[in-house]
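# Whatever this is, show me its structure:
(one chain, ligands or ions: 2)
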Amino acid sequence: MKPPTALVVMGVSGSGKSTLASLLAQRLGWELVEADELHPRASVAKMAAGIPLTDADRLPWLALIRDRIGERAAAGLPLVVACSALKRSYRDLLRQATGARVRFVHLAGSRELIDSRMRLRTGHFMPPSLLDSQFRDLEPLGADEDGVTVPLDGSPERMADTALDALALP
Ligand SMILES: Nc1ncnc2c1ncn2[C@@H]1O[C@H](COP(=O)(O)OP(=O)(O)OP(=O)(O)O)[C@@H](O)[C@H]1O
Ligand SMILES: O=C(O)[C@H](O)[C@@H](O)[C@H](O)[C@H](O)CO
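Ligands and ions are numbered 1, 2, ... in the order given. Purely as a prediction, here's the structure:
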């Protein structure tokens, strides 16, 4: 039997992860996990204060997400996860989830476009001032990693079509 898929929508803050992940979850009929909701309060406070997270902040959080993927896989359930997963080492950690095929959709685009979207967004803890540090940490999805890179300048519907076609899902 094929292992259930965990489809991780990744990218810097404001790249459209939550928007695309919820659309993909809806289209596929899969559960959605929003990794931002799993950050400890101290990490959210840090980001809200304009301080970038470090590896030490992120590793226990990524381990939690890996375990969540593993639990669902053990129940035979696929899922969609919205998670920044900026560095390859973070994705390696997520790929350690037991029993799942972990695949990625990297939302890629210009700093300028993302910054303009973040400035329009209200009521979110993440300040646009952290975008430079997000790009510094970003290691784009490699050609050898299981997944697809999607330009983030299309409509969410078109981006979902592109991702699902490229991944041959459902
Ligand atoms: N394809 C799109 N076209 C235009 N605007 C978009 C698109 N996708 C997302 N947006 C808008 O851009 C902003 C950022 O999107 P979203 O919150 O989904 O990003 P995110 O990567 O989940 O952000 P964060 O990680 O900071 O929570 C939102 O205001 C959203 O409505
Ligand atoms: O790894 C990180 O630095 C974080 O996950 C961020 O990317 C934000 O939580 C998210 O994007 C909200 O803006």
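# The longest helix that the chain contains packs against which elements?
In terms of residue count, the longest helix belonging to the chain (DSSP state H) is helix 55-74. With contacts defined as 3 or more CB pairs under 8 Å, 6 or more residues apart in numbering; DSSP states H and E, helix 55-74 has these neighbours: strand 5-10, strand 31-34, helix 41-48, strand 79-82, helix 88-95. Every residue, glycine included, has its C-beta placed from N, CA and C.
# Pick the most buried one from the ones you listed.
Highest mean neighbour count among the helices and strands packed on helix 55-74 (mean count of other CB atoms under 10 Å): strand 5-10, with a mean of 27.
# could you give the angle of the longest helix of the chain to strand 5-10?
Interaxial angle, helix 55-74 versus strand 5-10 (axes from the mean of the first three to the mean of the last three CA atoms, to 10 degrees): 150 degrees.
# Could you pull out the buried residues of helix 55-74?
57-58, 61-62, 65-66, 68-70, 72-73 (16 or more other CB atoms under 10 Å).
# Would you mind listing the outside residues contacting stretch 117-128?
Outside stretch 117-128, the residues within contact range by CB atoms under 8 Å, 6 or more residues apart in numbering are 13-14, 16, 44, 47-48, 50, 115, 131.
# List the buried residues of it.
For stretch 117-128, using 16+ other CB under 10 Å, the buried residues are 117-118, 126, 128.
# and ligand 2, which of those residues contact it?
Met126 (CB under 6 Å from any ligand atom).
# So which of the buried residues of stretch 117-128 is the closest to ligand 1?
Among the buried residues of stretch 117-128, Arg117 lies closest to ligand 1 (CB to the nearest ligand atom), at 3.6 Å.
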